[in-house]
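*Asks:* I'll drop the sequence and a predicted model, then ask my questions.
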Amino acid sequence: MSDFTTARRIADAVLFEGYVLYPYRASAAKNRLRWQFGVLVPPAYGEDEGEHAFQQTEMLVEPRQGSVLSGELRFLRAQRRTVKQADPQGGFVEVDSLELPDRVLVPWDEGVEDTVTFSVPVDRLLAEGLTVPFHRPARDEQEAVSAGGGPPVGRLSRRCERLDGLVRVTAEELPGPYRVLRLTAVVENITEWVPPADADRESALRHSLVSAHLLLGLDGGSFVSMTDPPQWAAPRIAHCRNLHTWPVLAGEPGRSDVVLSSPIILEDHPQIAPESPGALYDATEIDEILALRTATLTDQEKREARGTDERAGAVIDLADSMPPEVMERLHGAVRALRDITDPAPTAADPFAAPDTPWWDPGRDAEVDPGTDRVVVDGRSVGAGSRVRLKPGLRRTDAQDIFLHGREALVEAVLHDVDGSVHVAVTVDGDPGADLWRAQGRYRYFQTDEITPLEES
């Protein structure tokens, strides 16, 4: 069996991507539409709603003689949790919330981890392929809720709906000077669930595979990178079809015997930042921001988060207990530095002191944003020039589309250490232009995103 230990750390991040978002309460608007990645719905629902019932991984492998392929399909099942309160007349009554000293319990769909494993000789895949069906029956559970060790004050009812699926794996030997196979792995939801007339996505999720992804490993041989293949493999890679998932090399750096096929596009050998103190389940933000925001939640908000999900409660406890030295590490880190091959600095070098930055624009006489100029469309542009803006399509700020065609005043021309030129401007008619100028804040454009309006 292949060793998936390293790859599972990344796979766990994929499994719980966006599981519960800051502020970690079920009542938050962004926690009401959940699970956007790797959702495989029942076929009868997907056909009508544009969702998918399957995902397909296809890539090249170079197996050794007698090699064995191991795999893990990992996913979440949506488990509906309802909250009931003890009735003074006897029994329990379903409620919207249940107040406890340390938390506020509310209805919520929990994610239950599930795994389907398989192992097969590669030669068998060539001969007949492999089909692994799996069946998960419906399940009901009850949990008594007490306050301070007294008699039950409520009850949590949990239900998982029936789920059926299968994994199909085949291999095909390709012609050529090298022995290489095209491996195809398909994961399907085959649950026979007929959506009622009022069915919505939330009801379909309870019969779905959520955050579905595959770990594949070879105990002899290697996978070919889909993003950085050798030259001989590139034409064959181009004919591989990956649908609703994308395979990358995972596992130990430098090795190519483990693959993670993920519904989220990753690079080869993705890694979890070592500074990360723990899972925060909200990868759209950075750890430092999330930790700081979470620590500022009110006590009532923290009680609601703890009652939403155990994982949300763990995030609250993590933020509350994080020591300053761990928080300090979250500011960031430099992963790699280029070797410096220039001669060692001399005493006459103004930047020789160890506490002096390697480049200080304030001490470089050749740099002056206020007087520097750049040639655009044959005209010299600098501070005081007037230009028309034409933001490029590559820009990531959607608001820039509203600046297209607007006139602006150039405030400075800046050169960065990579040799790029940035033109700082204030936009005509901007009521905050004077305030921005006083604070040294401008909008920045590259030279191909401006047109001079007059000779300067």
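*Replies:* Perfect, I can see it now. Everything numeric here is computed off the predicted structure, so don't read it as measured data.

*Asks:* surely residue 184 and residue 171 touch.
*Replies:* Yes. The pair residue 184 / residue 171 is scored as a contact, 7.4 Å apart, by CB atoms under 8 Å. Where you see a C-beta, it was placed from the backbone N, CA and C, and this is true even at glycine.

*Asks:* quick one, domains of this structure?
*Replies:* 5-192+201-327, 368-452 (automatic domain parsing).

*Asks:* deepest-packed of those, please.
*Replies:* Highest mean neighbour count of the domains of the chain: domain 5-192+201-327, a mean of 17 (counted as mean count of other CB atoms under 10 Å).

*Asks:* which parts of the stretch 351-456 of the chain are helices?
*Replies:* 433-439 (DSSP state H, counting those that start in this stretch).

*Asks:* quick one: low-confidence ranges for it?
*Replies:* Scanning the stretch 351-456 of the chain for pLDDT under 70 picks out 351-367, 393-398, 417-418, 455-456.

*Asks:* do that again at 50, thanks
*Replies:* Of all residues in the stretch 351-456 of the chain, those with pLDDT under 50 make up the ranges 351-354, 356, 358, 456.

*Asks:* got it, and the chain?
*Replies:* Using pLDDT under 50, the flagged stretches of the chain are 347, 350-354, 356, 358, 456.

*Asks:* in it, which strand has the most residues?
*Replies:* For the chain, the strand with the greatest residue count under DSSP state E is strand 68-86.

*Asks:* need the next SSE after that one, C-terminal direction.
*Replies:* The helix or strand immediately downstream of strand 68-86 is strand 92-95, counting by DSSP states H and E.

*Asks:* hmm, who's touching whatever helix or strand comes next after that following strand?
*Replies:* Counting by DSSP H and E, the next helix or strand C-terminal to strand 92-95 is strand 98-99. By CB atoms under 8 Å, 6 or more residues apart in numbering, the surrounding residues in contact with strand 98-99 are 83-85, 104-106, 145, 153-154, 307.

*Asks:* what ranges does the stretch 1-150 of the chain have for its strands?
*Replies:* 54-63, 68-86, 92-95, 98-99, 104-105, 108-121, 130-136, 139-146 (DSSP state E, counting those that start in this stretch).

*Asks:* what do you get for the stretch 251-400 of the chain?
*Replies:* Assigned by DSSP E, counting those that start in this stretch, the stretch 251-400 of the chain shows strands spanning 258-262, 373-376, 379-382, 386-389.

*Asks:* just checking, what packs against the first one?
*Replies:* Looking back up the chat, that one is strand 258-262. When contacts are defined as 3 or more CB pairs under 8 Å, 6 or more residues apart in numbering; DSSP states H and E, strand 258-262 packs onto helix 5-15, strand 54-63, strand 210-218, strand 246-249.

*Asks:* of those, which is nearest residue 35?
*Replies:* Nearest to residue 35, of all the helices and strands packed on strand 258-262, is strand 210-218, at 4.9 Å by CB to CB.

*Asks:* run the chain-centre distance for that closest one.
*Replies:* With CA atoms, centre = their mean, to the nearest Å as the basis, strand 210-218 stands 16 Å off its chain's centre.

*Asks:* in its sheet, what does it sit against?
*Replies:* strand 68-86 (antiparallel), strand 258-262 (antiparallel) (DSSP bridges).

*Asks:* need the next SSE after that strand, C-terminal direction.
*Replies:* Taking DSSP H and E, what comes next after strand 210-218 is strand 221-223.

*Asks:* right, and residue 34 touches residue 16 too?
*Replies:* No. Contact criterion CB under 8 Å: residue 34 and residue 16 do not qualify, at 11.4 Å.
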